[in-house]
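Q: sequence below, structure please.
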Amino acid sequence: MATASAMLDAHRPFRDFVYSTASGSGSRYTSEQWQAFFDANGNFLGYRGTGSDITATIRADHAEKALRKAQAELAHVTRVNDAGEMTASIAP
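A: Residues are numbered from 1 along each chain as shown. Below is the predicted model of the structure:
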């Protein structure tokens, strides 16, 4: 959060700032974009921005990673099993 504080103090824009909040139904993820705005004299007035709930996208990414891991583990077990069967068929 030190980076976010530094950005705020410097009146720098935020782009694709993603954060997580915990709720009763699990974590929620938000992507936000904020732009500093100033008056005609260059005085900082505040931030304007938008936020989007990207929870479904993040959860889908996590599920896809878990699926890839399970597929890799299954492929490994299959190779070990095939090697065992081949060894058993060769043994007298």
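Q: now the residue nearest the centre of the chain: closest residue in space, sequence neighbours ignored.
A: In the chain, the C-alpha nearest the mean C-alpha coordinate belongs to Ile58, at 5.3 Å (CA atoms, centre = their mean). Leaving out its chain neighbours, the residue that sits closest to Ile58 by CB to CB, 6 or more residues apart in numbering is Tyr29, at 4.4 Å. Glycine gets a C-beta too; all of them are placed from N, C-alpha and C.
Q: tell me, how many residues neighbour that neighbour?
A: Residues within reach of Tyr29, counting by other CB atoms under 10 Å, total 17.
Q: could you do Ala40 as well?
A: Ala40: 5 surrounding residues under other CB under 10 Å.
Q: begin at 33, not 1, for the rest of this chat.
A: Let's use 33 as the start, then, which means that last one is Ala72.
Q: backbone dihedrals for it, please?
A: Main-chain dihedrals, Ala72, degrees, to the nearest 10: phi -60, psi -20.
Q: show me what the residue nearest to Ile90 is bridged to.
A: Per DSSP bridges, the residues bridged to Tyr61 are Ser52.
Q: Val50 is in contact with that one, correct?
A: Yes. Counting by CB atoms under 8 Å, Tyr61 touches Val50, with 6.2 Å between them.
Q: show me the shaky parts of this structure.
A: 33-36, 56-57, 123-124 (pLDDT under 70).
Q: again, 80 this time
A: Along the chain, segments meeting pLDDT under 80 span 33-41, 46-58, 123-124.
Q: which parts of this protein are strands?
A: For the chain, the strands defined by DSSP state E cover 46-55, 58-70, 76-85.
Q: any chance of the ones you listed in CSV, plus distance to Glu96?
A: Converted to CSV, the strands of the chain look like this (distance: least, CB to CB, whole Å):
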stretch, distance to Glu96
strand 46-55, 17
strand 58-70, 15
strand 76-85, 19
